[in-house]
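[1] Predicted model and sequence follow; I will ask about them next.
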Amino acid sequence: MKSLNRSKLKKLINPSHIISHINFSASWKMKSGSGNMDKAKIIEFSNKVREKLSAEVRSQAAYYGIFPEEIHAVEEHADSVVINGRVFNSRIKNQRSQLVKQIKGKGYEQVMEEVTYTWFNRLLALKFMEMNGCLPDHIRVFTSSDPNKPEPDLLTNALKLDSLNLNRDLVLDLKAENKDEELYKYLILKLCNYLNKIMPFLFEKIEDYTELLFPDKLLHTGSVLHDLNSIIPEEDWQEVEIIGWIYQYYIAPKKDKVFADLKKNIKISKENIPAVTQLFTPHWIVRYLVENSLGRLWMLNRPESSLVDRMEYYIKPEQQESDFLKINSPEEIKICDPACGSGHMLVYAFDLLYAIYEEEGYTPSEIPEMILAHNLFGIEIDRRAGELAGFALTMKARGKDRRFFNKEVYPNICMLENVTFEQGELNAYIDAVGSELFTNAHIATLSQFAEADNFGSLIRPAAKDVSDLLHLLESKNLSENLSHLSTHQKVLQALKQADYLSPKYHVVIANLPYMGGKGMNNRLKTFLKDNYADVKSDLFSAFMVRNIELTLPKGQLVFVTPYVWMFISSYEDLRSYILENCTITSLAQLEYNAFEPACIPVCTFSLENAHYSNFKGGYVRLSDFRGAENQSPKTLEAIKNSNCCWFYRASAADFKKIPGSPIAYWVSELIAKLYTAGCLKTKVNSTIVSIFSTIRLIHI
């Protein structure tokens with residue numbers, strides 16, 4: 001029998017230590033260090049660039065007579081507008097009208113925030129592309145190749161940039177008049193329009209009100225340009241992972257405000273859901289997730305594959321399996337992250353898929369295109385995060401194939417948007433294009449996205465498969481029926497979103513959004529009550545059920561969640577659902593303080609969407625290893641040495657021997673037998689869990 005330190009025993013039996021977090025009202029995705037990246041510099045960069053851009057955007061709005069409290073009246077003419085005594089051309093007139101319309105619909109603060117992050121994303125993307133030599137002619141947008149020249153190469157070499165389709169006369173005039181600021185703005189806008197052909201999801205055609213609010217005086221000392229160049233070390237720009245870290249810290253102030261408001265009983269509005277449910281997943285957990293889902297599926301189909309040699313976090317099954325989802329080629333595999341954020345998990349899935357394609361003999365030049373076209377799918381309610389996810393995947397593809405930009409292949413990232421129809425609008429459209437094309441389920445599906453930005457991937461389309469209808473309607477030519485053109489676009493948008501939410505994925509990967517009922521807005525709370533009654537207490541539990549539905553039978557799922565669902569009685573229905581419908585193939589339960597910034601106890605685990613009652617999954621218990629820095633190495637140690645005292649094997653049959661079916665994987669056979677024999681009858685609660693831990697240690 002191993003000796004047990006008294007203080008350790010006291011700590012183990014203290015129920016508050018195990019699950020003192022039960023009453024939290026809102027929580028969020030975890031974060032941890034990323035290699036040698038300087039997080040302090042990333043935080044400084046995100047804060048300074050966001051604040052300066054916000055101030056510039058508001059200053060530009062004021063220049064055109066638009067203020068938080070009021071919108072000044074202007075004198076409009078057919079081809080011009082007079083604002084505060086200054087005359088502007090028809091383009092400015094139209095852009096200002098668009099801006100005013102947006103503000104009247106959404107409010108001043110919301111529009112200013114949207115434009116700020118739009119330009120933040122674009123400038124961030126340009127900076128990353130510059131630092132990795134991905135821009136046309138390897139042009140430097142923000143820096144100079146000559147250390148003796150302060151102005152960027154974009155400005156110096158303006159007349160050499162033939163690919164940007166510049167107005168040479170305008171460039172010459174601006175140079176002659178020493179209007180460097182105006183010329184620099186013109187060049188950046190033209191570059192953004194050029195990149196629209198490569199990444200339309202990020203670089204939309206800039207001819208709208210966002211151009212009107214483009215930052216002014218970028219070449220001045222202390223401008224955003226200075227921060228873009230001086231804060232983050234050059235070497236940190238080499239990894240696409242930095243995009244997600246910057247985004248995390250960009251939204252951090254809003255997250256802090258939302259949590260402060262929660263203490264005042266102000267619910268989390270749909271606009272603020274992304275801020276409190278999107279934070280970065282540590283890279284080692286991403287590897288664990290992808291390797292125990294995609295990697296597991298591939299090893300089942302190719303047991304001789306050398307892929308296993310590069311999957312350090314893969315927990316091999318005890319015995320060879322014969323009943324699994326069959327895959328004939330890599331192109332068949334569909335992987336979805338239904339709350340993808342800035343795309344960190346999809347980016348690593350790209351790396352593993354690339355190795356799979358290579359092993360199957362595909363040529364390097366065709367692999368990136370195949371992965372983006374066939375394999376990776378992301379769903380997101382936050383447009384700015386979805387844009388960055390698409391950008392990160394595009395950069396991964398460009399990193400493997402220098403000619404990738406010429407192929408017009410775009411990542412499959414669905415940014416869910418609200419789709420609503422006026423009374424009678426949808427019926428008139430259906431009659432016009434042919435009512436025989438639509439089933440009742442199709443019609444019901446079209447009306448399910450009125451609050452897509454609130455409910456996200458939890459929406460269950462009434463029609464299980466809309467792909468045939470979608471393809472048919474995409475081929476319809478409505479040029480002769482312009483009255484239905486707007487409705488047609490909305491119908492296509494709704495069907496595309498429903499298609500992403502169809503149950504067709506071989507692998508589903510997610511760091512699930514966490515939000516307790518106390519923080520939910522009323523519409524979200526009602527939606528969960530109506531659609532996920534048995535698992536409505538937290539957003540993550542509803543997402544667990546929904547993600548299982550998105551996965552093909554025998555497909556693979558992996559999650560990061562709070563580990564409350566494993567033990568406490570309020571999640572008994574969820575445990576029952578999982579144990580009856582799925583098989584836990586692996587799980588790592590992290591130490592309580594493994595993520596200092598959040599201090600929320602979490603687990604990361606993998607499921608197969610099939611029930612094998614006696615399958616013994618591999619479990620890693622990290623509760624004795626304090627600190628984020630110990631979680632990864634101790635997980636690897638357990639995987640390499642299954643005889644260590646923090647690695648376990650357990651099955652659903654084991655859990656069902658105990659009332660309430662807790663995922664008490666460390667419980668010794670002695671305890672399970674006592675329950676089976678009826679010697680123990682108490683359901684597992686926090687105290688029992690602690691005692692089990694102690695008895696297990698003594699029993700060894």
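    All right, it came through fine.
[2] What separation is there between the residue lying closest to Q448 once chain neighbours are set aside and C414?
    Setting aside the residues directly before and after it, Q448 is nearest to I459 in space (C-beta to C-beta, 6 or more residues apart in numbering), at 5.6 Å. Every residue, glycine included, has its C-beta placed from N, CA and C. Separation of I459 from C414 (C-beta to C-beta, to the nearest Å): 12 Å.
[3] same check, this time on R383
    11 Å.
[4] neighbour count winner among these two?
    C414 (22 against 18; other C-beta atoms under 10 Å).
[5] where does the stretch 151-300 of the chain have low pLDDT?
    206-207, 258-259, 261-262, 264, 270, 272-280 (pLDDT under 70).
[6] Kindly report the same for the chain.
    1-36, 206-207, 258-259, 261-262, 264, 270, 272-280, 479-480, 595-599, 668-700.
[7] What are the boundaries of the strands in it?
    With strands called from DSSP state E, the chain shows them at 75-76, 80-83, 86-89, 335-337, 376-380, 412-415, 505-511, 551-562, 583-589, 602-608, 617-621, 647-650.
[8] Would you tell me which of these gets closest to G390?
    Each of the strands of the chain was scored for nearness to G390 using C-beta to C-beta, and the closest is strand 412-415 (4.5 Å).
[9] mind saving the C-alpha coords of the closest one as CSV?
    This file holds the C-alpha atoms of strand 412-415, laid out as CSV (Å, rounded to 0.1, in the frame of the first residue of the first chain):
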residue,chain,number,x,y,z
ASN,A,412,-15.2,26.4,-46.4
ILE,A,413,-16.0,28.7,-43.5
CYS,A,414,-19.7,29.5,-43.0
MET,A,415,-20.3,32.7,-41.2
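[10] Tell me the strands beside that strand, with direction?
    Partners of strand 412-415 in the sheet, by DSSP bridges, are strand 376-380 (parallel).
[11] what separates the strand it pairs with from the chain centre, distance-wise?
    8 Å (C-alpha atoms, centre = their mean, to the nearest Å).
[12] how about Y410, what does it touch?
    M199, P200, F201, L372, G390, T394 (C-beta atoms under 8 Å, 6 or more residues apart in numbering).
[13] swap in K185?
    If you count contacts by C-beta under 8 Å, 6+ apart, K185 has them with F214, D216, L218.
[14] at 6 Å instead, please
    F214 (C-beta atoms under 6 Å, 6 or more residues apart in numbering).
[15] same question, A452
    L416, E417, N418.
[16] what about A542, distance to N454?
    13 Å.
[17] for R168, same thing?
    Counting by C-beta to C-beta - R168 and N454 are separated by 49 Å.
[18] Can you pick out the residue with more neighbours from these two?
    Ranked by neighbour count (other C-beta under 10 Å), R168 and N454 place N454 first, with 20 against 10.
[19] which of the contacts of Y410 lies closest to H77?
    P200 (33.8 Å).
[20] What is the burial count for the closest one?
    Count around P200 with other C-beta under 10 Å applied: 13.
[21] how much space between it and T118?
    14 Å.
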